[in-house]
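Q: generate a structure from the sequence data that follows.
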Amino acid sequence: MNFVTKFIDTTSEPTVDTPTNRVVIVDCSGSMYSELPKLRQSLKNKLPTLIKPNDTLTLIWFSGKNQFGIVFEDIEFSSLTDLTNVNNAIDRFLTPQGATAFLQPIQEAKRAITQSTKGSATLHFMTDGHNNQGSENEIVQACQELFPLVSSATFVEYGYYANHDLLVRMAETTSGRVVLAENFPRYEEELRISMSGSGGKRISVDVATNTEFVIGSSETEFSVAIPKNGKVLLNPNTVAYSEWNSSTTVGDLELVTHACFAVGALIQKGMVETAMNVAAQIGDLVLFKSIENAFSKQDYVRVTDLAIEYGSGKRKLYLDGGKKTNLIPDENAYNILTMLLDLSEVDGNYLDISHPEFQYNPMSGARVTAPVGDDVFVPKFTDKAKQVKGAISAIKFAEDRPNISLLVKRDGSVSLPPNEYGFGESFDTFIWRSYTIVADGIVNMPKLPVILTKASFDLMIQNGVLSPTEKFKVGQTYIIDTTKLPVINRSMAQPVELTALFHQQFHLYELQCAQKIINASIEKPEAGASFSAMYGEDGAKFLKEYGITEGGFNPKSTKGEDLDGRIAKVIEIKMAGLSTIPKVDDVKKAISAGKKLTPSHEVMKNQILAVENGLYGEGEAAQKNIRTKVRGYRDEIIMKKFGVILGKKLPLGMTDYDDTTREMDFGLGKKISCELKIYDKVI
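A: Below you'll find the predicted structure:
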């Protein structure tokens, strides 16, 4: 099947904008607690002007199972002289509570539409999370039943952690569109678009029997629809469409604007390579560059927004040097992961935490320091210096998710109540804080205020991270815009070979065993004096009560707002019998006793010999050497896990997500069952 643009004949039956019931469904689950106050105020301020004179509004709220309902139904704002009851209903019902369940509000929308006084209806569904109660297939079936009743449908992902794949299925079932509102102003704009869209009769067209989906475009937007029995129903304002299946090829373009919309639709469906082929035919360098290293949801949003701007004419094509031909993607584009590794390898690079541009979104629900004692005193940490900075050398990677964090030690003091131990009103200590820069492949910190060495500054200029007009100054803070970089590049997302990955994981296990042996052989320096020795048992006990120990400040806390969990893609490598590292002495005793060794004991025995033979060096040099090897090997495996998750490509040798296990021969006298698990997990 070729990519062919077909046009809708609007002269025979022109679109009629009929009075419409605008149905809006709003997620009120716990994770929306910080956003609902803004939404309530916005609705109260803007609803009277958002709704057309002859249209009505139905507002539905939902959270968990059996937690949903009507805020108001089929009301016409043009006839209301007093909005008090409407505003009171918004304040009453749009409050955070519970989990997230999509099915019942969709069913309630169907009921409200069938009982509406209007002859047409549109749907606007907003959520910031994953359906965590009930079957996804039931939700899609409910959307199929709703489809004949609505002239258009919009599904809004609020923030970066909504269930994109499910919302795409819901949208395609209703010939709707999926949009991502990364912040509240964007959501307000999407709500305005939904309220102003045309109502009326859908357009029925015949399509080829092998068509898997149809991309439709109007003058301002695109939609994706699934055909049934050789027919598809498109939105009333559709002016052009194209039929697609898995073998569709891209040739000469008949309508560039529709091709731009097609790029956005293909990205929405996760068909990045096909989207890039279409963009290459369009020949706009900016559009093509936006796709070539698009892996995260943020990347997809940027591409889709750009495609819509081009398709709607809001942005002109070919402003960057005219139309290009033979566009080829850059496999090794500079990226966030490489940048952070580059910065971490040079001493003297810091994250400026106290800078006004430092904006951090915590990855879990807030915790509140608990009061201590009968006087309910709450200890408070205060930074020692006005400029708080953390060494970028302390980069941490999650083992099972595409997460990058920076661990920072902050020096300061903790306030204390009057006491008999001579500590005064405060006690000097420190606190550890972990800042997640990339969370599940999504940039969590759009701006990084950094203090750089001259060498790192030059590297950032060379790779286009900082403007060439910037001048270097010792101690100056520079702002890195991480949204302009992909998380990884195409070379990192190339499929890895499954058994090779297992061999790498096994070698890492060998190195970790060697590290344990070397560390055990080196005499540890004496630990510093304990608080008990310094301040007495009672003084140390008093400090601990307020969260202060030799390890810093870590007070007791209470759980803040109860948030519903978000879903993250997780990847794990498991090796049977090699899940833990045995004690060195236990292995030596087993060898001396002539006992049959377990697989983990066999690995440890081999590494004992390797260490004794000086394979890793001697003394502290060996300790430093093995630490470097372990970190390098672990990071290399983590990079490949990043590529598997973000590149959405199964390792070579895997046929599907269930084909996970291989029997591997590592020379241990028996084969080891190794498993690569990729699954969704509630975080």
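
Q: tell me what the helix or strand containing Phe155 is packed against?
A: Here Phe155 sits within strand 152-158, counting by DSSP states H and E. Helices and strands touching strand 152-158, by 3 or more Cβ pairs under 8 Å, 6 or more residues apart in numbering; DSSP states H and E, are strand 120-127, helix 164-173, strand 177-181, helix 184-196. For the C-beta atoms, the positions are set from N, CA and C on the backbone; glycine is no exception.

Q: what is the rounded mean pLDDT of it?
A: The average pLDDT for strand 152-158 rounds to 92.

Q: same thing with stretch 450-464?
A: Average pLDDT, stretch 450-464: 96.

Q: next, the angle strand 177-181 makes with the strand holding Phe155.
A: On the basis of axes from the mean of the first three to the mean of the last three Cα atoms, to 10 degrees, strand 152-158 is oriented at 30 degrees to strand 177-181.

Q: using PDB, list the CA coordinates for strand 152-158.
A: Extracted in PDB, the C-alpha atoms of strand 152-158 (Å, rounded to 0.1, in the frame of the first residue of the first chain):
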ATOM      1  CA  SER A 152     -15.300  14.200  17.900                       C
ATOM      2  CA  ALA A 153     -13.200  13.000  20.900                       C
ATOM      3  CA  THR A 154     -10.100  14.300  22.600                       C
ATOM      4  CA  PHE A 155      -8.000  12.400  25.100                       C
ATOM      5  CA  VAL A 156      -5.600  14.500  27.200                       C
ATOM      6  CA  GLU A 157      -2.500  13.100  28.900                       C
ATOM      7  CA  TYR A 158      -1.900  15.500  31.700                       C
END
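
Q: now the helices and strands packed on strand 152-158 as JSON lines including mean neighbour count and mean pLDDT?
A: As requested, these are exported to JSON lines (neighbours: other Cβ atoms under 10 Å; pLDDT from 0 to 100):
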{"stretch": "strand 120-127", "mean neighbour count": "25", "mean pLDDT": "94"}
{"stretch": "helix 164-173", "mean neighbour count": "21", "mean pLDDT": "91"}
{"stretch": "strand 177-181", "mean neighbour count": "24", "mean pLDDT": "88"}
{"stretch": "helix 184-196", "mean neighbour count": "17", "mean pLDDT": "88"}
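
Q: make a markdown table out of these and add distance to Ala439.
A: Shown next, in a markdown table, are the helices and strands packed on strand 152-158 (distance: least, Cβ to Cβ, whole Å):
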| stretch | distance to Ala439 |
| --- | --- |
| strand 120-127 | 19 |
| helix 164-173 | 15 |
| strand 177-181 | 16 |
| helix 184-196 | 20 |
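
Q: out of these, nearest to Phe7?
A: Across the helices and strands packed on strand 152-158, Phe7 has its closest neighbour in strand 177-181 (20.1 Å, Cβ to Cβ).

Q: can you classify Leu448 by secondary structure?
A: Here Leu448 is recorded as strand under DSSP: H, G, I helix; E, B strand; the rest coil.

Q: run a quick neighbour tally on it.
A: Residue neighbour count, defined by other Cβ atoms under 10 Å, stands at 25 for Leu448.

Q: got it, and Asp320?
A: Asp320, neighbours per other Cβ under 10 Å, totals 11.

Q: Ile106 too?
A: If we define neighbours as other Cβ under 10 Å, then Ile106 has 24 of them.

Q: wait, it touches Val23, no?
A: No: between Ile106 and Val23 there is no contact, the gap being 10.1 Å when judged by Cβ atoms under 8 Å.

Q: now for these two: what residues contact both?
A: Common neighbours of Ile106 and Val23, using Cβ atoms under 8 Å, 6 or more residues apart in numbering, do not exist here.

Q: distance between the ends of stretch 465-480?
A: 7 Å (Cα to Cα, to the nearest Å).

Q: mind listing what's buried in it?
A: Val465, Leu466, Thr477, Tyr478, Ile480 (16 or more other Cβ atoms under 10 Å).

Q: what's in contact with that stretch?
A: 334, 339, 352, 355, 357, 447-452, 454, 457-458, 460-461, 484-485.

Q: buried subset of those residues?
A: Applying 16+ other Cβ under 10 Å to the contacts of stretch 465-480 flags 334, 339, 352, 355, 447-452, 457, 460, 485 as buried.

Q: can I get those residues in a markdown table including distance to Leu407?
A: Formatted as a markdown table, those follow (distance: Cβ to Cβ, whole Å):
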| residue | distance to Leu407 |
| --- | --- |
| Tyr334 | 24 |
| Met339 | 18 |
| Asp352 | 16 |
| His355 | 19 |
| Lys447 | 20 |
| Leu448 | 15 |
| Pro449 | 17 |
| Val450 | 16 |
| Ile451 | 17 |
| Leu452 | 19 |
| Phe457 | 24 |
| Met460 | 22 |
| Leu485 | 22 |
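
Q: go through those residues and name the one nearest Asp400.
A: For those, the nearest to Asp400 is Met339 (22.7 Å; Cβ to Cβ).

Q: so after the helix or strand that closest one falls within, what's the next helix or strand?
A: Per DSSP H and E: Met339 is located in helix 336-344. Per DSSP H and E, the first helix or strand lying C-terminal to helix 336-344 is strand 350-352.

Q: gap between the helix or strand that that following strand is followed by and the chain center?
A: Going down the chain from strand 350-352, the next helix or strand is strand 367-369, by DSSP H and E. Centroid displacement of strand 367-369 relative to its chain, using Cα atoms, centre = their mean, to the nearest Å, is 25 Å.

Q: next: stretch 210-227.
A: Distance of stretch 210-227 from its chain centroid, counting by Cα atoms, centre = their mean, is 27 Å.

Q: quick one, domains of the protein?
A: 1-16+201-329, 19-200, 336-490, 499-682 (automatic domain parsing).

Q: surely Glu399 and Ile638 touch.
A: Yes: with contact taken as Cβ under 8 Å, Glu399 and Ile638 are classed as touching, separated by 6.9 Å.

Q: neighbour-wise, which of these two wins?
A: Using other Cβ under 10 Å, the more surrounded residue of Glu399 and Ile638 is Ile638, with 20 against 13.

Q: so the more buried one is in which element?
A: helix 619-647.

Q: so after that helix, what's the next helix or strand?
A: Going down the chain from helix 619-647, the next helix or strand is strand 661-664, by DSSP H and E.

Q: centre of the chain to that next one, how far?
A: 31 Å.

Q: just checking, what packs against that strand?
A: For strand 661-664, the packing partners by 3+ Cβ pairs under 8 Å, 6+ apart are helix 498-521, strand 672-682.

Q: packing partners for the longest one?
A: Helix 498-521 makes packing contacts with strand 567-575, helix 584-592, helix 599-612, helix 619-647, strand 661-664, strand 672-682 when contacts are defined by 3+ Cβ pairs under 8 Å, 6+ apart.

Q: could I get the ones you listed as a markdown table with mean pLDDT and distance to Phe377?
A: Compiled in a markdown table, the helices and strands packed on helix 498-521 are given as follows (pLDDT from 0 to 100; distance: least, Cβ to Cβ, whole Å):
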| stretch | mean pLDDT | distance to Phe377 |
| --- | --- | --- |
| strand 567-575 | 89 | 38 |
| helix 584-592 | 93 | 46 |
| helix 599-612 | 95 | 49 |
| helix 619-647 | 89 | 42 |
| strand 661-664 | 96 | 55 |
| strand 672-682 | 88 | 36 |
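
Q: now those in a markdown table, with distance to Phe261?
A: Listed next are those as a markdown table, based on distance: least, Cβ to Cβ, whole Å:
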| stretch | distance to Phe261 |
| --- | --- |
| strand 567-575 | 28 |
| helix 584-592 | 63 |
| helix 599-612 | 56 |
| helix 619-647 | 25 |
| strand 661-664 | 43 |
| strand 672-682 | 30 |
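
Q: neighbours around the nearest residue to Leu508 once chain neighbours are set aside, how many?
A: Closest residue to Leu508 apart from its sequence neighbours, by Cβ to Cβ, 6 or more residues apart in numbering: Tyr633 at 4.7 Å. Neighbours of Tyr633 under the rule other Cβ under 10 Å: 18.

Q: might one say that Tyr633 is in contact with Leu511?
A: Yes: counting by Cβ under 8 Å, Tyr633 does reach Leu511; the two are 5.9 Å apart.
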